[in-house]
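Peer 1: My questions concern the predicted model and sequence given below.
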Amino acid sequence: MKFKTLLTINALLLVGLLLAACGGGSDSQNTFTITATDDFTYAPDRLTVKAGQEVTLTFNNEGPVEHSFNILKGDEELEHALEAAHEEEELHEELLLEIHETEPGASETKTFTTPTEPGDYTFFCSLPGHADEGLVGILTVTP
């Protein structure tokens, strides 16, 4: 009888250890770094995330001038957002995530929840002319 009890306890401990070991990777799956480069591009320029997940994003500006990082809500158009960029309050209403102007060599980290609606969401630099030069990318949200 004692042998069965000891065996059951050991089995439960083993299962607990395995579950604890498997659970540690979720944070790294939801942590991303985006870099604005000196040739007016984002690296990477595409990210894929699951719907409704908390994501931590670090934005690094390795370019020679200030850059920003913004993610549009799904129903917003980039051209409209760029027109609204001079009206900060209007632009803010169109964004899922907003990282204001970041100095060259600086970085900023923010955490946000991805949309619950799968689809492609545009990210871009809102400073005049920067999106036109190539500072745009796509955040793909999957079910």
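Peer 2: Everything's here; your move. Fair warning: this is a prediction, and the values are worked out from it, not measured in the lab.

Peer 1: for this protein, what spans make up the helices?
Peer 2: Secondary structure of the chain by DSSP state H: the helices cover 2-22, 26-29, 78-84, 88-92, 130-133.

Peer 1: Provide a list of residues in contact with the residue nearest the centre of the chain.
Peer 2: Geometric centre of the chain, nearest residue: residue 57, 4.4 Å, by Cα atoms, centre = their mean. Applying Cβ atoms under 8 Å, 6 or more residues apart in numbering to residue 57 gives the contacts 31-34, 69, 97, 109-112. Bear in mind the C-beta positions are built from the backbone N, C-alpha and C, glycine included.

Peer 1: same deal with residue 67?
Peer 2: Here residue 67 is in contact with 36, 61, 101-102, 125, 127, 130, 135 (criterion: Cβ under 8 Å, 6+ apart).

Peer 1: switch to 10 Å and redo it
Peer 2: Applying Cβ atoms under 10 Å, 6 or more residues apart in numbering, we find residue 67 in contact with 35-37, 40, 42, 59-61, 99, 101-104, 106, 125-127, 130, 135.
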